[in-house]
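>>> Predicted structure and sequence below. I'll ask about it afterward.
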Amino acid sequence: MRKDMFSEIFKNKIKTVLLFVIFFVFIMLVGFAIKYIFDFAGFGILFFAGFFAIIFAVVGYFTGDKVVLATSRAKLADEQKYQHLHNLVEGLSISAGIPKPKVYVIPDKAPNAFATGRSPKHSSVAVTEGLLQILNREELEAVIAHEISHIQNQDIKIMTLVTILFGLVAMASDIAIRSLFWGSVTGSRRSNGQNPVLLIIALVFVILAPVVAILIQMMISRNREYLADSNGASLTRYPKGLANALRKILDANTPVAAATKGTAHFYIANPLKSKKKTSIFSTHPPIEERIKRLEQM
């Protein structure tokens, strides 16, 4: 059964909204759990943790693109030498209704690409030399369309918000556990006559909260990849182009030398190990599943 790429775009956007709703509800539950353990201190801890999480995320939001480009050893693509690349980026940017991003080339044989930037006006697209060597024009156009879609969909802003939410949960959990370790609330728990079973459940919930939060974070990240695939296919009107490009990237199975765990989620495919088995903690969905979805459009 053929899938309508526009309905796929809509479904992926709805799924992102639902995941955010789940995330916000989960944070409220974390707050109630901490409140139960610490009497009335739960939401105060969340506020304190949220303050620092926002500071860290905002700093990353404004400086992250420069760090990623520098870490990846990306160089501005010469407009004459890489004229075909600039033409593709410009044409697809016009189709997407966004300003043309800066174009970078990464001196690496591994086929891969990524987009970064806090807004369409401050965005960049980077591709590796290996990608330029193994893809034909249709496949390269499809990869660029995928990255342009990330910019068009404001995915940097979305993932920055997700990072803030994860940081809030992780820091709140850490503060709560450290406070428990130092025994600062032992007396108040006993004096308030809390139910031991509920207290244990609340404690386990708070301890496991960062794990659940990162699972939700990774689910949102994988969903945004599916969305960029569908959105990119709508720009080129040729889903098979991206399917073929992803297949070549998968077959190459070559890690990007300068990629790190901190920058891996920016790339179109896992830059550390292309054929590494996808898990619930993966930032990218399985390439095989992405290819299957594209071929059904």
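Here it is on my side, so go on.
>>> Longest helix in the chain, please.
Among the elements of the chain assigned as helix by DSSP state H, the one spanning the most residues is helix 196-236.
>>> How far off centre is that one?
10 Å (Cα atoms, centre = their mean, to the nearest Å).
>>> Against which helices or strands is that helix packed?
When contacts are defined as 3 or more Cβ pairs under 8 Å, 6 or more residues apart in numbering; DSSP states H and E, helix 196-236 sits against helix 5-37, helix 83-96, helix 137-152, helix 155-181, helix 239-252, helix 287-295. Bear in mind the C-beta positions are built from the backbone N, C-alpha and C, glycine included.
>>> any idea of the angle the first one forms with helix 196-236?
When you say that, I think you mean helix 5-37. Following axes from the mean of the first three to the mean of the last three Cα atoms, to 10 degrees, one obtains 160 degrees for the angle between helix 5-37 and helix 196-236.
>>> Buried residues in helix 5-37, which are they?
Within helix 5-37, the residues scored as buried using 16 or more other Cβ atoms under 10 Å are 5, 8-9, 11-13, 15-16, 19-20, 23, 26-27, 30-31, 33-37.
>>> re the thing from before, could you look over the helices and strands packed on helix 196-236 and pick the most buried one?
Sort the helices and strands packed on helix 196-236 by mean neighbour count, taking mean count of other Cβ atoms under 10 Å, and helix 137-152 sits at the top with a mean of 24.
>>> Centre of the chain to it, how far?
Remark: helix 137-152 is offset 17 Å from the chain centroid, using Cα atoms, centre = their mean.
>>> and it, what's its mean pLDDT?
On average, the pLDDT along helix 137-152 is 96.
>>> where does Ser123 land in three-state SS?
Assigned state for Ser123: strand (three-state reduction, DSSP: H, G, I helix; E, B strand; the rest coil).
>>> Tell me which residues touch the closest residue to it other than its chain neighbours, please.
Residue nearest to Ser123 in three dimensions, not counting chain neighbours: Gly117, with 3.1 Å by Cβ to Cβ, 6 or more residues apart in numbering. Contacts here follow Cβ atoms under 8 Å, 6 or more residues apart in numbering; on that basis Gly117 touches 65, 101, 123-124, 151, 156.
>>> Same check on Tyr238?
By Cβ under 8 Å, 6+ apart, Tyr238 lies in contact with 138, 141-142.
>>> Glu225 and Asn244, how far apart?
For Glu225, the distance to Asn244 (Cβ to Cβ, to the nearest Å) stands at 17 Å.
>>> Out of the helices and strands packed on helix 196-236, flag the one nearest Phe48.
Phe48 lies closest to helix 155-181 among the helices and strands packed on helix 196-236, at 7.0 Å (Cβ to Cβ).
>>> Low-confidence stretches in the protein?
Scanning the chain with the threshold set as pLDDT under 70 gives 1-5, 39-46, 49-50, 57, 60-61, 63-64, 183-194, 274-278.
>>> Checking Lys100 next. Helix, strand or coil?
When the structure is reduced to helix, strand and coil (three-state DSSP), Lys100 reads as coil.
>>> do Ser282 as well
Classification of Ser282 by three-state DSSP places it in coil.
>>> For it, give me its contacts.
Residues touching Ser282, when contacts are defined by Cβ under 8 Å, 6+ apart, comprise 218, 222, 270.
>>> Quick check: it vs Met219, distance?
Shown here: Ser282 relative to Met219, a distance of 10 Å by Cβ to Cβ.
>>> still on that earlier bit, among the helices and strands packed on helix 196-236, which comes closest to Ile55?
Across the helices and strands packed on helix 196-236 (criterion: Cβ to Cβ), the nearest stretch is helix 155-181, sitting at 9.4 Å.
>>> From the contact counts, what lies against the closest one?
If you count contacts as 3+ Cβ pairs under 8 Å, 6+ apart, helix 155-181 packs onto helix 5-37, helix 42-71, strand 113-119, helix 196-236.
>>> what's the angle from it to helix 137-152?
Regarding helix 155-181 and helix 137-152, their directions subtend 60 degrees when assessed with the same axes, to 10 degrees.
>>> excluding its backbone neighbours, what's nearest Leu92?
Using Cβ to Cβ, 6+ apart and skipping the chain neighbours, the partner closest in space to Leu92 is Ile148 (4.8 Å).
>>> Would you check that that neighbour makes contact with Leu88?
No - between Ile148 and Leu88 there is no contact, the gap being 9.4 Å when judged by Cβ atoms under 8 Å.
>>> Next, name the residue at the spatial heart of this protein.
Per Cα atoms, centre = their mean, the C-alpha nearest to the average position across the chain is that of Ser221, at 3.6 Å.
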